[in-house]
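>>> return a 3D structure for these sequence lines:
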Amino acid sequence: MNRLLRPLRNGVTYTRLLHLWVPALPFSVWILVHPSTPWAPTLVLVPLGLVAVVRKGEGVQARLLLTPGEADPGISEEPSACWQDRARTSLWMLVRILLSTATGIVTVWLPLLAVSLAQLAAGTVPAGVPVLEDAPHHWAYVLLVPLPLVLLYAALVGIGALVTAAARRLLGPSPAERLAALEARTEQLLERTRIARELHDSIGHALTVAVVQAGAARAASSPEFTERALTAIEETGRAALEDLERVLGVLRESERPTSARPTLTDADRLLESARASGAAVDAEVTGPLETLPGPVSREGYRILQEALTNVLRHAGAVPARVRVAAADGLLTLEVRNPLPDDRPAPGRGSGLRGIRERAALLGGRARTGPDGDGDWRVRVELPLG
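Numbering: from 1, shown residues only. Presented below is the predicted three-dimensional model:
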(Lines give C-alpha, C1' and ligand atoms only; values in the text may rest on other atoms or scores of the structure.)
Protein backbone atom coordinates (compact mmCIF):
# COMPACT_ATOMS: atom_id res chain seq x y z
CA MET A 1 0.00 0.00 0.00
CA ASN A 2 2.84 2.36 0.87
CA ARG A 3 4.40 1.71 -2.54
CA LEU A 4 1.11 2.40 -4.33
CA LEU A 5 0.63 5.71 -2.52
CA ARG A 6 4.25 6.84 -2.88
CA PRO A 7 3.58 8.96 -6.04
CA LEU A 8 1.15 11.08 -4.00
CA ARG A 9 4.04 12.20 -1.78
CA ASN A 10 6.45 12.62 -4.67
CA GLY A 11 6.71 16.15 -6.01
CA VAL A 12 7.65 14.95 -9.49
CA THR A 13 4.11 13.64 -9.95
CA TYR A 14 2.77 17.19 -9.76
CA THR A 15 5.54 18.80 -11.83
CA ARG A 16 4.83 16.28 -14.59
CA LEU A 17 1.13 17.15 -14.37
CA LEU A 18 2.06 20.83 -14.72
CA HIS A 19 4.20 20.00 -17.77
CA LEU A 20 1.18 18.31 -19.38
CA TRP A 21 -1.19 21.15 -18.51
CA VAL A 22 0.96 23.85 -20.12
CA PRO A 23 0.10 22.95 -23.75
CA ALA A 24 -3.37 21.67 -22.81
CA LEU A 25 -4.58 25.11 -21.71
CA PRO A 26 -4.15 26.97 -25.04
CA PHE A 27 -5.37 23.88 -26.88
CA SER A 28 -8.54 23.86 -24.76
CA VAL A 29 -9.12 27.56 -25.44
CA TRP A 30 -8.89 26.89 -29.18
CA ILE A 31 -11.44 24.08 -28.92
CA LEU A 32 -13.85 26.38 -27.09
CA VAL A 33 -13.47 29.10 -29.71
CA HIS A 34 -13.35 26.81 -32.78
CA PRO A 35 -15.02 23.52 -31.79
CA SER A 36 -15.40 22.50 -35.43
CA THR A 37 -11.63 22.38 -36.06
CA PRO A 38 -10.04 21.02 -32.86
CA TRP A 39 -7.19 19.50 -34.87
CA ALA A 40 -6.02 22.80 -36.38
CA PRO A 41 -3.32 23.61 -33.74
CA THR A 42 -1.54 20.37 -34.54
CA LEU A 43 -0.75 21.76 -38.00
CA VAL A 44 1.49 24.35 -36.35
CA LEU A 45 3.45 21.83 -34.29
CA VAL A 46 5.31 20.16 -37.17
CA PRO A 47 6.90 23.33 -38.60
CA LEU A 48 7.45 24.64 -35.08
CA GLY A 49 9.48 21.56 -34.20
CA LEU A 50 11.74 22.21 -37.19
CA VAL A 51 13.05 25.40 -35.57
CA ALA A 52 16.40 24.51 -33.99
CA VAL A 53 15.97 26.47 -30.77
CA VAL A 54 12.59 24.85 -30.02
CA ARG A 55 14.35 21.60 -29.13
CA LYS A 56 16.44 23.46 -26.57
CA GLY A 57 13.35 25.06 -25.00
CA GLU A 58 11.51 21.75 -24.87
CA GLY A 59 14.57 20.06 -23.37
CA VAL A 60 14.86 22.67 -20.63
CA GLN A 61 11.17 22.30 -19.76
CA ALA A 62 11.36 18.53 -19.75
CA ARG A 63 14.44 18.40 -17.51
CA LEU A 64 12.93 20.95 -15.13
CA LEU A 65 9.44 19.45 -14.81
CA LEU A 66 9.70 15.79 -15.85
CA THR A 67 13.02 14.86 -14.24
CA PRO A 68 13.75 17.45 -11.53
CA GLY A 69 16.83 16.74 -9.47
CA GLU A 70 18.22 13.99 -11.73
CA ALA A 71 21.90 14.48 -12.55
CA ASP A 72 21.70 12.76 -15.94
CA PRO A 73 18.07 12.44 -17.07
CA GLY A 74 18.99 11.58 -20.64
CA ILE A 75 17.33 14.72 -22.06
CA SER A 76 19.34 17.14 -24.17
CA GLU A 77 19.35 20.91 -23.72
CA GLU A 78 21.04 21.62 -27.05
CA PRO A 79 19.39 23.08 -30.17
CA SER A 80 18.73 20.80 -33.12
CA ALA A 81 21.96 20.16 -34.99
CA CYS A 82 20.59 18.08 -37.87
CA TRP A 83 17.34 17.23 -39.62
CA GLN A 84 17.02 14.05 -37.59
CA ASP A 85 16.91 16.14 -34.40
CA ARG A 86 14.30 18.42 -35.97
CA ALA A 87 12.13 15.46 -36.97
CA ARG A 88 12.35 14.00 -33.47
CA THR A 89 11.37 17.38 -32.02
CA SER A 90 8.33 17.65 -34.28
CA LEU A 91 7.24 14.14 -33.28
CA TRP A 92 7.76 15.06 -29.63
CA MET A 93 5.49 18.10 -30.05
CA LEU A 94 2.72 15.87 -31.42
CA VAL A 95 3.16 13.28 -28.67
CA ARG A 96 3.15 15.96 -26.01
CA ILE A 97 -0.07 17.59 -27.26
CA LEU A 98 -1.81 14.19 -27.51
CA LEU A 99 -0.83 13.24 -23.97
CA SER A 100 -1.78 16.72 -22.77
CA THR A 101 -5.20 16.31 -24.36
CA ALA A 102 -5.63 12.96 -22.65
CA THR A 103 -4.62 14.55 -19.36
CA GLY A 104 -7.14 17.34 -19.81
CA ILE A 105 -9.92 14.83 -20.50
CA VAL A 106 -9.24 12.62 -17.48
CA THR A 107 -8.69 15.54 -15.07
CA VAL A 108 -12.08 16.99 -16.07
CA TRP A 109 -14.36 14.04 -16.73
CA LEU A 110 -13.25 11.57 -14.07
CA PRO A 111 -13.76 14.01 -11.13
CA LEU A 112 -17.06 15.09 -12.72
CA LEU A 113 -18.09 11.43 -12.92
CA ALA A 114 -17.32 10.96 -9.22
CA VAL A 115 -19.47 14.00 -8.37
CA SER A 116 -22.31 12.71 -10.53
CA LEU A 117 -22.24 9.32 -8.81
CA ALA A 118 -22.38 11.05 -5.45
CA GLN A 119 -25.39 13.07 -6.64
CA LEU A 120 -27.16 9.91 -7.75
CA ALA A 121 -26.55 8.37 -4.35
CA ALA A 122 -27.91 11.53 -2.67
CA GLY A 123 -31.06 11.53 -4.81
CA THR A 124 -30.34 14.66 -6.85
CA VAL A 125 -30.06 15.00 -10.63
CA PRO A 126 -26.42 14.69 -11.77
CA ALA A 127 -25.08 17.57 -13.87
CA GLY A 128 -22.32 17.37 -16.47
CA VAL A 129 -22.57 13.67 -17.38
CA PRO A 130 -25.54 13.27 -19.76
CA VAL A 131 -25.45 9.48 -19.72
CA LEU A 132 -26.27 9.51 -15.99
CA GLU A 133 -29.08 12.07 -16.10
CA ASP A 134 -31.75 9.37 -16.55
CA ALA A 135 -30.15 6.82 -14.23
CA PRO A 136 -32.27 5.72 -11.25
CA HIS A 137 -31.32 7.13 -7.87
CA HIS A 138 -29.89 4.65 -5.38
CA TRP A 139 -27.67 4.94 -2.34
CA ALA A 140 -25.39 2.15 -3.69
CA TYR A 141 -23.85 4.61 -6.16
CA VAL A 142 -21.80 5.95 -3.29
CA LEU A 143 -19.76 2.74 -3.44
CA LEU A 144 -18.70 3.63 -7.00
CA VAL A 145 -17.53 7.18 -6.15
CA PRO A 146 -13.89 6.12 -5.36
CA LEU A 147 -13.56 4.28 -8.68
CA PRO A 148 -13.19 7.39 -10.93
CA LEU A 149 -10.76 8.88 -8.41
CA VAL A 150 -8.62 5.75 -8.43
CA LEU A 151 -8.69 5.77 -12.24
CA LEU A 152 -7.72 9.45 -12.19
CA TYR A 153 -4.76 8.71 -9.92
CA ALA A 154 -3.59 5.78 -12.07
CA ALA A 155 -4.03 7.77 -15.29
CA LEU A 156 -2.05 10.76 -14.07
CA VAL A 157 0.83 8.61 -12.79
CA GLY A 158 0.82 6.49 -15.94
CA ILE A 159 0.66 9.44 -18.34
CA GLY A 160 3.43 11.17 -16.38
CA ALA A 161 5.68 8.13 -16.73
CA LEU A 162 4.77 7.82 -20.41
CA VAL A 163 5.56 11.44 -21.27
CA THR A 164 8.87 11.16 -19.40
CA ALA A 165 9.83 8.07 -21.37
CA ALA A 166 8.84 9.80 -24.61
CA ALA A 167 10.94 12.84 -23.69
CA ARG A 168 14.01 10.66 -23.07
CA ARG A 169 13.44 8.94 -26.40
CA LEU A 170 12.66 11.95 -28.60
CA LEU A 171 14.60 14.71 -26.79
CA GLY A 172 17.52 12.52 -25.79
CA PRO A 173 21.05 13.30 -26.99
CA SER A 174 21.76 12.59 -30.62
CA PRO A 175 24.66 10.28 -31.56
CA ALA A 176 26.82 13.33 -32.25
CA GLU A 177 26.03 14.78 -28.82
CA ARG A 178 26.74 11.45 -27.13
CA LEU A 179 30.09 11.26 -28.92
CA ALA A 180 30.93 14.83 -27.89
CA ALA A 181 30.02 14.07 -24.27
CA LEU A 182 32.13 10.92 -24.34
CA GLU A 183 35.09 12.84 -25.76
CA ALA A 184 34.70 15.52 -23.09
CA ARG A 185 34.57 12.86 -20.37
CA THR A 186 37.67 11.18 -21.81
CA GLU A 187 39.52 14.50 -21.90
CA GLN A 188 38.53 15.13 -18.30
CA LEU A 189 39.81 11.73 -17.18
CA LEU A 190 43.07 12.21 -19.08
CA GLU A 191 43.49 15.63 -17.50
CA ARG A 192 42.92 14.22 -14.03
CA THR A 193 45.47 11.48 -14.70
CA ARG A 194 47.98 14.03 -15.95
CA ILE A 195 47.46 16.22 -12.88
CA ALA A 196 47.98 13.21 -10.62
CA ARG A 197 51.24 12.44 -12.39
CA GLU A 198 52.31 16.09 -12.16
CA LEU A 199 51.74 16.11 -8.40
CA HIS A 200 53.45 12.76 -7.95
CA ASP A 201 56.52 13.79 -9.91
CA SER A 202 57.04 17.33 -8.63
CA ILE A 203 56.08 16.88 -4.97
CA GLY A 204 57.62 13.41 -4.77
CA HIS A 205 60.91 14.74 -6.15
CA ALA A 206 60.97 17.64 -3.68
CA LEU A 207 60.19 15.43 -0.68
CA THR A 208 62.80 12.87 -1.72
CA VAL A 209 65.47 15.54 -2.01
CA ALA A 210 64.49 17.03 1.35
CA VAL A 211 64.58 13.64 3.10
CA VAL A 212 67.97 12.73 1.60
CA GLN A 213 69.45 16.12 2.45
CA ALA A 214 68.12 16.07 6.00
CA GLY A 215 69.45 12.55 6.61
CA ALA A 216 72.85 13.39 5.15
CA ALA A 217 73.14 16.60 7.20
CA ARG A 218 72.34 14.76 10.43
CA ALA A 219 74.90 12.04 9.64
CA ALA A 220 77.64 14.48 8.57
CA SER A 221 77.66 16.59 11.78
CA SER A 222 79.25 19.40 9.78
CA PRO A 223 77.95 22.98 10.01
CA GLU A 224 79.07 23.71 6.43
CA PHE A 225 77.36 20.63 5.02
CA THR A 226 74.24 21.35 7.07
CA GLU A 227 74.14 24.86 5.67
CA ARG A 228 74.37 23.55 2.10
CA ALA A 229 71.72 20.92 2.82
CA LEU A 230 69.30 23.50 4.20
CA THR A 231 69.91 25.71 1.19
CA ALA A 232 69.22 22.80 -1.16
CA ILE A 233 66.06 21.90 0.76
CA GLU A 234 64.87 25.51 0.55
CA GLU A 235 65.53 25.77 -3.19
CA THR A 236 63.88 22.43 -3.88
CA GLY A 237 60.89 23.40 -1.75
CA ARG A 238 60.47 26.67 -3.63
CA ALA A 239 60.64 24.85 -6.96
CA ALA A 240 58.06 22.35 -5.73
CA LEU A 241 55.75 25.18 -4.70
CA GLU A 242 56.07 26.67 -8.17
CA ASP A 243 55.19 23.31 -9.71
CA LEU A 244 52.28 22.95 -7.33
CA GLU A 245 50.98 26.38 -8.34
CA ARG A 246 51.20 25.37 -11.99
CA VAL A 247 49.26 22.17 -11.39
CA LEU A 248 46.62 23.89 -9.26
CA GLY A 249 46.37 26.56 -11.92
CA VAL A 250 45.21 23.88 -14.34
CA LEU A 251 42.43 22.99 -11.90
CA ARG A 252 41.39 26.61 -11.38
CA GLU A 253 41.62 27.70 -15.01
CA SER A 254 40.71 25.12 -17.61
CA GLU A 255 41.99 27.40 -20.39
CA ARG A 256 45.37 27.96 -18.78
CA PRO A 257 48.11 27.37 -21.39
CA THR A 258 50.25 24.30 -20.88
CA SER A 259 53.30 26.36 -21.83
CA ALA A 260 53.50 27.40 -18.18
CA ARG A 261 54.70 23.90 -17.28
CA PRO A 262 58.45 23.19 -17.11
CA THR A 263 60.23 21.71 -20.12
CA LEU A 264 63.58 20.05 -20.81
CA THR A 265 65.14 23.49 -21.19
CA ASP A 266 64.75 23.65 -17.38
CA ALA A 267 66.61 20.36 -16.90
CA ASP A 268 69.56 22.14 -15.25
CA ARG A 269 67.37 22.77 -12.24
CA LEU A 270 66.76 19.04 -11.83
CA LEU A 271 70.44 18.19 -12.22
CA GLU A 272 71.55 20.79 -9.69
CA SER A 273 68.90 19.59 -7.24
CA ALA A 274 70.21 16.03 -7.51
CA ARG A 275 73.82 17.18 -7.12
CA ALA A 276 72.90 19.23 -4.06
CA SER A 277 71.49 16.04 -2.53
CA GLY A 278 74.93 14.39 -2.76
CA ALA A 279 74.56 12.47 -6.00
CA ALA A 280 77.42 12.83 -8.46
CA VAL A 281 75.50 13.49 -11.65
CA ASP A 282 77.38 13.19 -14.92
CA ALA A 283 75.11 14.84 -17.47
CA GLU A 284 75.42 15.01 -21.23
CA VAL A 285 72.83 16.98 -23.17
CA THR A 286 72.98 17.14 -26.95
CA GLY A 287 70.65 18.45 -29.59
CA PRO A 288 68.38 21.50 -29.87
CA LEU A 289 66.15 21.03 -26.82
CA GLU A 290 64.60 24.46 -27.24
CA THR A 291 63.03 23.40 -30.57
CA LEU A 292 61.41 20.22 -29.27
CA PRO A 293 57.61 19.93 -29.58
CA GLY A 294 55.90 21.21 -26.45
CA PRO A 295 54.31 17.92 -25.32
CA VAL A 296 57.54 15.99 -25.83
CA SER A 297 59.63 18.54 -23.95
CA ARG A 298 57.18 18.78 -21.04
CA GLU A 299 56.75 15.04 -20.64
CA GLY A 300 60.50 14.53 -21.08
CA TYR A 301 61.11 16.87 -18.16
CA ARG A 302 58.75 14.87 -15.94
CA ILE A 303 60.30 11.58 -17.00
CA LEU A 304 63.78 12.87 -16.17
CA GLN A 305 62.50 14.22 -12.85
CA GLU A 306 60.98 10.87 -11.87
CA ALA A 307 64.11 8.96 -12.91
CA LEU A 308 66.36 11.19 -10.77
CA THR A 309 63.89 10.95 -7.89
CA ASN A 310 64.12 7.16 -8.06
CA VAL A 311 67.92 7.37 -7.94
CA LEU A 312 67.84 9.39 -4.72
CA ARG A 313 64.99 7.39 -3.18
CA HIS A 314 66.25 3.88 -3.88
CA ALA A 315 70.02 4.23 -4.28
CA GLY A 316 70.87 7.35 -2.31
CA ALA A 317 73.84 9.61 -3.05
CA VAL A 318 75.44 7.48 -5.76
CA PRO A 319 77.00 8.44 -9.09
CA ALA A 320 74.40 8.82 -11.81
CA ARG A 321 74.85 9.20 -15.54
CA VAL A 322 72.27 11.24 -17.44
CA ARG A 323 72.11 11.33 -21.22
CA VAL A 324 69.63 13.53 -23.09
CA ALA A 325 69.86 13.56 -26.87
CA ALA A 326 67.59 14.94 -29.57
CA ALA A 327 68.54 13.74 -33.04
CA ASP A 328 67.09 11.99 -36.09
CA GLY A 329 63.49 12.64 -35.07
CA LEU A 330 63.92 10.98 -31.68
CA LEU A 331 64.40 12.20 -28.13
CA THR A 332 66.37 9.78 -25.99
CA LEU A 333 66.62 10.04 -22.21
CA GLU A 334 68.76 7.63 -20.24
CA VAL A 335 69.55 7.59 -16.53
CA ARG A 336 71.95 5.00 -15.04
CA ASN A 337 73.02 4.47 -11.47
CA PRO A 338 74.69 1.62 -9.57
CA LEU A 339 72.47 -0.32 -7.21
CA PRO A 340 73.90 -1.02 -3.75
CA ASP A 341 73.80 -4.69 -2.85
CA ASP A 342 71.65 -4.15 0.22
CA ARG A 343 68.88 -2.24 -1.59
CA PRO A 344 66.15 -3.83 -3.68
CA ALA A 345 65.66 -2.72 -7.25
CA PRO A 346 62.78 -0.25 -7.70
CA GLY A 347 60.66 -2.65 -9.67
CA ARG A 348 57.25 -1.55 -8.40
CA GLY A 349 55.43 1.64 -7.58
CA SER A 350 53.62 4.36 -9.49
CA GLY A 351 56.78 6.20 -10.53
CA LEU A 352 58.01 3.70 -13.12
CA ARG A 353 54.44 3.07 -14.25
CA GLY A 354 54.03 6.81 -14.76
CA ILE A 355 57.19 6.89 -16.91
CA ARG A 356 55.86 4.11 -19.11
CA GLU A 357 52.45 5.77 -19.40
CA ARG A 358 53.97 9.11 -20.38
CA ALA A 359 56.09 7.45 -23.04
CA ALA A 360 53.16 5.42 -24.39
CA LEU A 361 50.92 8.49 -24.67
CA LEU A 362 53.48 10.11 -26.97
CA GLY A 363 53.95 6.99 -29.07
CA GLY A 364 57.32 6.18 -27.52
CA ARG A 365 58.65 3.38 -25.38
CA ALA A 366 60.35 3.07 -22.00
CA ARG A 367 62.63 0.34 -20.69
CA THR A 368 63.44 0.14 -17.00
CA GLY A 369 65.46 -2.42 -15.09
CA PRO A 370 68.94 -3.80 -14.44
CA ASP A 371 71.28 -3.69 -17.44
CA GLY A 372 73.43 -6.68 -16.45
CA ASP A 373 76.38 -4.60 -15.22
CA GLY A 374 75.01 -3.91 -11.76
CA ASP A 375 73.39 -0.66 -12.87
CA TRP A 376 69.77 0.33 -12.90
CA ARG A 377 68.82 1.91 -16.19
CA VAL A 378 65.86 3.98 -17.30
CA ARG A 379 65.84 4.53 -21.06
CA VAL A 380 63.03 6.36 -22.80
CA GLU A 381 62.67 7.06 -26.51
CA LEU A 382 60.08 9.61 -27.67
CA PRO A 383 59.37 10.38 -31.33
CA LEU A 384 59.53 14.05 -32.29
CA GLY A 385 57.08 13.78 -35.16
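>>> ok but residue 369 is inside a helix, no?
No - Residue 369 is assigned strand when assessed by DSSP: H, G, I helix; E, B strand; the rest coil, not a helix.
>>> hey, what's it bridged with?
residue 377 (DSSP bridges).
>>> quick one: it and residue 322, what's the gap?
With the distance defined as C-beta to C-beta, to the nearest Å, residue 369 ends up 17 Å from residue 322. Backbone N, C-alpha and C define where each C-beta goes, glycine included.
>>> now the helices for the protein?
2-9, 11-33, 42-49, 52-61, 83-122, 146-170, 175-220, 223-252, 267-276, 294-310, 350-361 (DSSP state H).
>>> right, so of these, which gets closest to residue 73?
With C-beta to C-beta, the closest approach to residue 73 among those belongs to helix 146-170: 7.0 Å.
>>> show me what the closest one packs onto, helices and strands only.
Applying 3 or more C-beta pairs under 8 Å, 6 or more residues apart in numbering; DSSP states H and E, we find helix 146-170 packed against helix 2-9, helix 11-33, helix 83-122.
>>> tell me which residues in stretch 10-18 are buried?
12-13, 15-17 (16 or more other C-beta atoms under 10 Å).
>>> if you could redo that for stretch 203-215, that was the one I meant.
Neighbour counts over stretch 203-215 (16+ other C-beta under 10 Å) mark 204-206, 208-210, 212-213 as buried.
>>> of the residues you listed, the lowest pLDDT goes to which?
Among the buried residues of stretch 203-215, residue 205 carries the weakest pLDDT, at 68.
>>> if we can go back for a sec, counting neighbours, go ahead and name the busier of residue 369 and residue 322.
residue 322 (23 against 13; other C-beta atoms under 10 Å).
>>> just give the nearest non-adjacent residue to that one, would you?
Once flanking residues are discounted, residue 322 sits nearest to residue 283: 4.4 Å by C-beta to C-beta, 6 or more residues apart in numbering.
>>> which residues touch the one you found?
267, 271, 322-324 (C-beta atoms under 8 Å, 6 or more residues apart in numbering).
>>> show me just the buried residues among those residues.
Buried members of the contacts of residue 283, counted by 16+ other C-beta under 10 Å: 267, 271, 322, 324.
>>> want to throw the residues you listed into JSON lines with pLDDT and distance to residue 279?
Below are the buried ones among the contacts of residue 283 laid out as JSON lines (pLDDT from 0 to 100; distance: C-beta to C-beta, whole Å):
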{"residue": "267", "pLDDT": "86", "distance to residue 279": "15"}
{"residue": "271", "pLDDT": "86", "distance to residue 279": "9"}
{"residue": "322", "pLDDT": "93", "distance to residue 279": "10"}
{"residue": "324", "pLDDT": "92", "distance to residue 279": "16"}
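>>> farthest-apart pair in these, please.
271 and 324 (9.9 Å).
>>> just to revisit the earlier point, out of the buried residues of stretch 203-215, who's nearest residue 110?
residue 204 (69.6 Å).
>>> and for the spatially closest residue to that closest one that is not a sequence neighbour, the neighbour number?
The shortest distance from residue 204 to any non-neighbouring residue, by C-beta to C-beta, 6+ apart, is to residue 309 (5.7 Å). When neighbours are defined as other C-beta under 10 Å, residue 309 has 23 of them.
>>> quick check, residue 309 in contact with residue 351.
Yes - with contacts counted by C-beta atoms under 8 Å, residue 309 reaches residue 351, the gap being 6.8 Å.
>>> can you list the domains in the chain?
As assigned by automatic domain parsing, the chain contains the domains 2-173, 179-383.
>>> which of the ones you listed has the lowest average pLDDT?
domain 179-383 (a mean of 77).
>>> returning to that earlier point: redo the buried ones among the contacts of residue 283 as TSV? Include distance to residue 230.
Rendered in TSV, the data for the buried ones among the contacts of residue 283 read as follows (distance: C-beta to C-beta, whole Å):
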residue	distance to residue 230
267	24
271	20
322	25
324	29
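>>> and residue 92, how far from residue 171?
Residue 92 sits 6 Å away from residue 171, going by C-beta to C-beta.
>>> those two: which is more packed in?
Ranked by neighbour count (other C-beta under 10 Å), residue 92 and residue 171 place residue 171 first, with 27 against 23.
>>> wait, which of the helices of the chain is closest to residue 70?
Of all the helices of the chain, it is helix 11-33 that lies closest to residue 70, at 9.2 Å by C-beta to C-beta.
>>> which helices and strands does that closest one pack with?
Judged by 3+ C-beta pairs under 8 Å, 6+ apart, helix 11-33 is in contact with helix 83-122, helix 146-170.
>>> nearest to residue 376, out of those?
Closest approach to residue 376 among those (C-beta to C-beta): helix 146-170, 56.4 Å.
>>> neighbours around residue 373, how many?
Under the neighbour criterion other C-beta under 10 Å, residue 373 is assigned a count of 8.
>>> just residue 27 next, same as before
Residue 27: 16 neighbours (other C-beta under 10 Å).
>>> in contact with it, which residues?
41, 97, 100-101, 104.
>>> most surrounded residue in those residues?
Within the contacts of residue 27, neighbour counts (other C-beta under 10 Å) peak at residue 100, which reaches 22 neighbours.
>>> can you give me the distance of that one to residue 290?
Per C-beta to C-beta, residue 100 is found 67 Å from residue 290.
>>> swap in residue 221?
Computed as C-beta to C-beta, the residue 221 to residue 290 distance reads 43 Å.
>>> cheers, nothing more for now.
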